[in-house]
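Participant: sequence unavailable; structure follows:
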């Protein structure tokens, strides 16, 4: 049950609030449950603890995108692409998001 899993991870986070892995797990569970704003909060905490946590950054980008914050999603996807330049799917996602945003200026 996803609610029980989320509660278990939340209690673990309360015991180890500086654990990027636990914040990631919480964010991933919330993303899977469609709780995008809550996922963003948890995944941002994971990245605050470990800025190089690519999986957390990827799911943060997905959560931003699904919640409609396309500018933030693009920024995060660009960071993931920078460390995974061979991922064609990421390149396509970045291009799709760039083309959907109004030009700067």
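Facilitator: Structure's in. What do you need? Given the structure is predicted, the values throughout are model-derived calculations rather than measurements. Residues are numbered from 1 along each chain as shown.

Participant: after the helix or strand bottoming out on mean pLDDT in the chain, next one along is what?
Facilitator: Every helix and strand of the chain was ranked by mean pLDDT, DSSP states H and E. The lowest is helix 2-15, at a mean of 90. Note on helix 2-15: by DSSP states H and E, the next helix or strand toward the C-terminus is helix 20-32.

Participant: just how off-centre is that following helix within its chain?
Facilitator: Relative to its chain's centre, helix 20-32 lies at 9 Å (CA atoms, centre = their mean, to the nearest Å).

Participant: in the following helix or strand past that helix, what's buried?
Facilitator: Sequence order places helix 36-49 as the next helix or strand after helix 20-32, per DSSP H and E. If you call a residue buried by 16 or more other CB atoms under 10 Å, then helix 36-49 has these buried ones: 36, 38-47, 49. C-betas here are computed from N, CA, C, even on glycine.

Participant: need those residues in a markdown table (columns: distance to residue 97 and pLDDT).
Facilitator: Below are the buried residues of helix 36-49 laid out as a markdown table (distance: CB to CB, whole Å; pLDDT from 0 to 100):
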| residue | distance to residue 97 | pLDDT |
| --- | --- | --- |
| 36 | 16 | 96 |
| 38 | 22 | 96 |
| 39 | 18 | 97 |
| 40 | 16 | 98 |
| 41 | 21 | 97 |
| 42 | 22 | 97 |
| 43 | 18 | 98 |
| 44 | 19 | 97 |
| 45 | 24 | 97 |
| 46 | 22 | 97 |
| 47 | 19 | 97 |
| 49 | 26 | 96 |
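
Participant: can you lay out those residues as JSON lines showing distance to residue 101?
Facilitator: Shown next, in JSON lines, are the buried residues of helix 36-49 (distance: CB to CB, whole Å):
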{"residue": "36", "distance to residue 101": "19"}
{"residue": "38", "distance to residue 101": "25"}
{"residue": "39", "distance to residue 101": "22"}
{"residue": "40", "distance to residue 101": "18"}
{"residue": "41", "distance to residue 101": "23"}
{"residue": "42", "distance to residue 101": "25"}
{"residue": "43", "distance to residue 101": "21"}
{"residue": "44", "distance to residue 101": "21"}
{"residue": "45", "distance to residue 101": "26"}
{"residue": "46", "distance to residue 101": "26"}
{"residue": "47", "distance to residue 101": "22"}
{"residue": "49", "distance to residue 101": "29"}
